[in-house]
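**Student:** Let me see the structure of the following:
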Amino acid sequence: MLWPDTIRKNVKTGPDREVLAVYPYRSACPKSVWRRLIGGANKELTFAGYTNYFLWLEIPNLRAVLRRKAEHGCRVRFLIGDPDSDVTRRREELESVPLTVGTRIKITIDELSKVMNVPGIEARYGDDHIAMSVFIFDDEMLVTPHLAHLVGHDSPMLHIQRQQEDGLYDRFAYHVAELWNGGRAIAELATQ
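**Tutor:** Below you'll find the model as predicted:
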């Protein structure tokens, strides 16, 4: 009787076994985790963050990495907010920081414009993910539920690995698929 209780308390056996790590702040996640996840992905890299601005600062030579991944058959997708939408303007008012949400999105658009000629790299606008960022790396993901009035790096983050059907990973992946399917073309990138 003692062993089953001990095992249940110390070994993840239910849906929470998909949670590999929890960070109180996205910025607390080591850069090495991001580099490992991006470098290790072979099938899918999806960046469904509203601005994705921080990626260009945190990951050295990200454009070259994305280009290489796409050239080797990895699907690379970016789902970002529309810098000119009402959702973006409302978020800017809430955050009230000098580096606005729209400006951060435009930086990502500028970076993406330099790799959009590579087959396998795609980008779309979508405003429905303003409250949560989901970053997919094959069968692992990083999820940041954004807290009120805080910028993304001040919100918590979960590191999840797919372990079962209809678990946390699948639920978040379905959410991103729905957002992607409802996304729209980014005119600035379509003309590149």
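**Student:** Quick check: closest non-adjacent residue to the spatially most central residue of the chain.
**Tutor:** With distances taken as CA atoms, centre = their mean, the residue of the chain nearest its centroid is Phe135 (2.6 Å). Ranked by CB to CB, 6 or more residues apart in numbering and with sequence neighbours excluded, the top spatial neighbour of Phe135 is Leu142, at 4.5 Å. For every residue, glycine as well, the C-beta is placed using N, CA and C.
**Student:** which secondary structure element contains the one you found?
**Tutor:** Using DSSP states H and E, the secondary-structure element containing Leu142 is strand 140-145.
**Student:** next structured bit after that strand?
**Tutor:** Following strand 140-145 in sequence, per DSSP H and E, is strand 157-161.
**Student:** packing partners for that next one?
**Tutor:** Here strand 157-161 is seen to pack against strand 19-23, strand 140-145, helix 168-181 when contacts are counted using 3 or more CB pairs under 8 Å, 6 or more residues apart in numbering; DSSP states H and E.
**Student:** How about the shortest one, which residues are buried there?
**Tutor:** Translated: strand 19-23. 19, 23 (16 or more other CB atoms under 10 Å).
**Student:** cool, and the last one?
**Tutor:** Neighbour counts over helix 168-181 (16+ other CB under 10 Å) mark 168-169, 172-173, 175-176, 179-180 as buried.
**Student:** which one among these gets closest to Leu158?
**Tutor:** Top of the list for closeness to Leu158, among the buried residues of helix 168-181 and by CB to CB, is Leu168 at 7.8 Å.
**Student:** about what we covered before: mind putting the helices and strands packed on strand 157-161 into a markdown table with mean pLDDT and distance to Glu58?
**Tutor:** Shown next, in a markdown table, are those (pLDDT from 0 to 100; distance: least, CB to CB, whole Å):
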| stretch | mean pLDDT | distance to Glu58 |
| --- | --- | --- |
| strand 19-23 | 96 | 14 |
| strand 140-145 | 96 | 12 |
| helix 168-181 | 96 | 21 |
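**Student:** looking at these, which is closest to His159?
**Tutor:** For the helices and strands packed on strand 157-161, proximity to His159 was assessed by CB to CB; strand 19-23 is nearest, at 4.1 Å.
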